[in-house]
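Asker: from the sequence below, what's the structure:
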Amino acid sequence: MSSEPRPAPFRMPGGVFEELAAGGGSEAAVEFLARAERARRLLLLRTLLDRLGTLPTPLTPAAEAWHALKEAAARAPEPVDRLLLAPATGGWIAHLLRRIHGTATGPPLWAEAGHLCALAVAASLNAGTRSELRVPLADGGLYLPGLGLVQLPDAEDGLTVGRAGADDGLLTLAGPARDGGTRTLTLRPATEPLGGGGDPGHRFAAPAREDLAGPGQPYASWLPLRTLTHSTPTGSVAIPLDDLDPYRDLDDPLPSARLDQDEAEEWQRLFEEAVALLAEPGGTGPGRFDPAAIRAVVPWGRTSTMPPPPPSVRVSASSGDSFGAMVISRPSSAPALAETLVHEFQHSKLAALLHLFPLLDDDRRERYYAPWRPDPRHLTGLLHGAYAFTGVAGFWRDRLAAARDDRRGAPDDGATELAGYHFALRRLQSRLVVRTLLAEGSLTPQGRALVSGLARTLDGWLRERVPQSSLARARTAAALHRTEWRLRNVVPVTDSGYGPDGPRFRPDRAPWPDVRTHAFATRPTAPHTGDEHLAAGNPAAALARYADELTADPAEPHALAGWIVARAALDPGRAARRMLARPELLAPLPSG
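Answerer: Residues are numbered from 1 along each chain as shown. Predicted coordinates for the structure are as follows:
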């Protein structure tokens, strides 16, 4: 492994760009992005090593740690390459560069820089080479990237310096103890596949675990990195379920948060079902990708089994510094997890493209409507949202086709309605944002080519048939979100009060829950509330319910948005269009 930049220029074939611009991407296109991220990662690492060369440290100096890592790479290039290109390694590099530039904080800088020593030890263990390095210990614990967390018993609290040796895959760790002495632990690290048929060696080459410290030494000294496993025609794939790495999150380092075994196994069950959905044949368009391209899944928010949260409070996120990783709260179903995997991998692809090309000139001012957000967004956020939700629309398009496939037996009307709704909603919302991006004039030539490719994909999808009731609910849900967004965010001023940058925003705006997007996914059979009557296609009954709610508070945004959309449905025309375009100007009375 060498951190030196390659002399040859890095060029993207035109066909690869066209695939990605359409919102999809073949395995070859995704592999090209991975190679591009590799080149970028090594350049950043070279920059970091140059900065660490003069850093005072009680640990093994960076140059010596890098030498040990290169020795390991010479014997076993593939596993060491995966280690350096792992998402958490990218998170560490980015965080440490921010610290060096004074834009981030954390523990003593030498301790965070010492993560390189842990990387070198892990590389030596993977490759079977010999090394001995001084490493940082946190309460006697050392995380070995890609392998797991080793914990010295009765170790001294706080940040200390230990000594880690690797020899033919065997780890020996020594560090200060609470009684003033030294504790030593010897073991053979290995990851832990959660699936019954998984092969951890497919991604992390480590032999079976073996504790050699003598009688009475607990296995609790080693917490293995768990992997989500699934089988493919070419063999088993193991994807880290990372609850241990201090740099697994999207920002600052954080402590390990070990999942209970039952919770981890529930992740494996959902993951297997989600992968089965994504593995259905159907091409390489938006919404389709090989789950083996995922580099890590980071569980968020729970360490023990409990009822999953409702869809409206799901959490998922990704970072351009950590290609292929995604932070996810365990959702309520396999389709929800599959959709989230698609969504976050779309973000990873776009982030990689943004590392290769300037796609837009963004002043970062948050002034645009995003149909999946409660707040105004900047142009880069719009572009990410459009790209991600084009993939989500493609995912539901595939679910719609599968529900209609009579070769599977009788068509599933419920599944058809559900998939049709989500497909119709996301294609409509994504096309609206694409229109905004094309109209703003801030796209570079590459950016315009990308967004135009999304537009062609979405325009083709808008002509595809979906169940009429699903389409009606999707259009209503889209109108409700935009209406409530404007009521909660936009200052009611006349056209003459508009500036060149569009609407003025309320200084007291705050986050609000989007409960309608998922509530309108199914048609209510016994509607009672205004939302339920509107979802059932009865705007007159909905209008009466909303009017009752507005009696107490005529400006309550949720009910007022429903009243406006219901009224526009009952009396369509120019006045309705104006009312939907600028709902913040209205103050309707409950009498309607």
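Asker: would you mark the buried spots in the lengthiest helix in the chain?
Answerer: Longest helix of the chain, by residue count under DSSP state H: helix 413-440. If you call a residue buried by 16 or more other C-beta atoms under 10 Å, then helix 413-440 has these buried ones: 416-434, 436-437. The C-beta positions use only the backbone N, C-alpha and C, and glycine is treated the same way.
Asker: and Val451, what does it touch?
Answerer: Leu383, Ala386, Val434, Leu437, Leu438, Leu443 (C-beta atoms under 8 Å, 6 or more residues apart in numbering).
Asker: ok, the residues you listed vs His230, which is closest?
Answerer: If you rank the contacts of Val451 by distance to His230 using C-beta to C-beta, Ala386 comes first, at 29.7 Å.
Asker: how close does that closest one sit to Arg574?
Answerer: 29 Å (C-beta to C-beta, to the nearest Å).
Asker: the two - which one has more neighbours?
Answerer: Remark: of Ala386 and Arg574, Ala386 carries more neighbours, 30 against 7, as counted by other C-beta atoms under 10 Å.
Asker: pretty sure that one contacts Val433?
Answerer: Yes: using C-beta atoms under 8 Å, Ala386 is in contact with Val433, at 4.4 Å.
Asker: that older thread, return the distance of the longest helix of the chain from the chain's centre.
Answerer: From the chain centre to the centre of helix 413-440 is a distance of 20 Å (C-alpha atoms, centre = their mean, to the nearest Å).
Asker: closest to Leu171 out of the contacts of Val451?
Answerer: Lowest distance from Leu171 to the contacts of Val451 (C-beta to C-beta) belongs to Leu383, with 44.7 Å.
Asker: what helix or strand is that closest one located in?
Answerer: Applying DSSP states H and E as the criterion places Leu383 in helix 379-404.
Asker: which residues belonging to that helix are considered buried?
Answerer: Buried residues in helix 379-404, counted by 16+ other C-beta under 10 Å: 379, 381-400, 402-404.
Asker: and that helix, what other elements does it pack with?
Answerer: On a contact count with 3 or more C-beta pairs under 8 Å, 6 or more residues apart in numbering; DSSP states H and E, helix 379-404 meets helix 334-356, helix 413-440, helix 445-462.
Asker: between the ones you listed, which gets nearest to Ala279?
Answerer: Per C-beta to C-beta, nearest to Ala279 of those: helix 334-356, 9.9 Å.
Asker: quick one, the closest one and helix 379-404 angle?
Answerer: Here the directions of helix 334-356 and helix 379-404 differ by 140 degrees (axes from the mean of the first three to the mean of the last three C-alpha atoms, to 10 degrees).
Asker: centre of the chain versus helix 334-356, how much separation?
Answerer: For helix 334-356, the distance to the chain centre is 6 Å (C-alpha atoms, centre = their mean).
Asker: mean confidence for it?
Answerer: Mean pLDDT, helix 334-356: 96.
Asker: what's the angle between that helix and helix 413-440?
Answerer: If you take the same axes, to 10 degrees, helix 334-356 sits at 20 degrees to helix 413-440.
Asker: what is the burial count for the nearest residue to Pro492 once chain neighbours are set aside?
Answerer: Closest residue to Pro492 apart from its sequence neighbours, by C-beta to C-beta, 6 or more residues apart in numbering: Glu584 at 4.2 Å. By other C-beta under 10 Å, 19 other residues sit near Glu584.
Asker: again with Glu31
Answerer: Number of residues near Glu31 (other C-beta under 10 Å) recorded here: 14.
Asker: if we can go back for a sec, pick out whichever of the contacts of Val451 sits closest to Ala86.
Answerer: Distance to Ala86 across these (C-beta to C-beta) is lowest for Leu383, with 26.5 Å.
Asker: isn't that closest one right next to Leu350, touching?
Answerer: Yes: using C-beta under 8 Å, Leu383 is in contact with Leu350, at 7.0 Å.
Asker: hmm, who's touching stretch 568-588?
Answerer: Contacts with stretch 568-588, where a contact means C-beta under 8 Å, 6+ apart, come from 476, 479, 482-483, 486-487, 490-492, 494, 534, 539-540, 543, 550, 554-555, 560-561, 563-565, 567.
Asker: quick check: the closest residue to Tyr421 other than its chain neighbours vs Ser316, distance?
Answerer: Closest residue to Tyr421 apart from its sequence neighbours, by C-beta to C-beta, 6+ apart: Ser470 at 4.2 Å. Ser470 sits 24 Å away from Ser316, going by C-beta to C-beta.
Asker: more neighbours: these two, which one.
Answerer: More neighbours surround Ser470 than the other of Ser470 and Ser316, with 24 against 20 (other C-beta under 10 Å).
Asker: give me the neighbour count for Thr183.
Answerer: Not Thr; residue 183 is Arg. The number of residues packed near Arg183 is 20, by other C-beta under 10 Å.
Asker: same check, this time on the one 3 residues further on
Answerer: The burial metric for Thr186, expressed as a neighbour count using other C-beta under 10 Å, is 18.
Asker: cool, and Ala104?
Answerer: Residues near Ala104, counting by other C-beta under 10 Å, number 16.
Asker: list the contacts for His422?
Answerer: His422 is in contact with Val392, Ala393, Trp396, Arg399, Ala474, Ala521, counting by C-beta under 8 Å, 6+ apart.
Asker: now render those residues as JSON lines, adding distance to Pro374 and pLDDT.
Answerer: Output for the contacts of His422, formatted as JSON lines (distance: C-beta to C-beta, whole Å; pLDDT from 0 to 100):
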{"residue": "Val392", "distance to Pro374": "18", "pLDDT": "97"}
{"residue": "Ala393", "distance to Pro374": "21", "pLDDT": "98"}
{"residue": "Trp396", "distance to Pro374": "22", "pLDDT": "96"}
{"residue": "Arg399", "distance to Pro374": "26", "pLDDT": "94"}
{"residue": "Ala474", "distance to Pro374": "19", "pLDDT": "98"}
{"residue": "Ala521", "distance to Pro374": "19", "pLDDT": "95"}
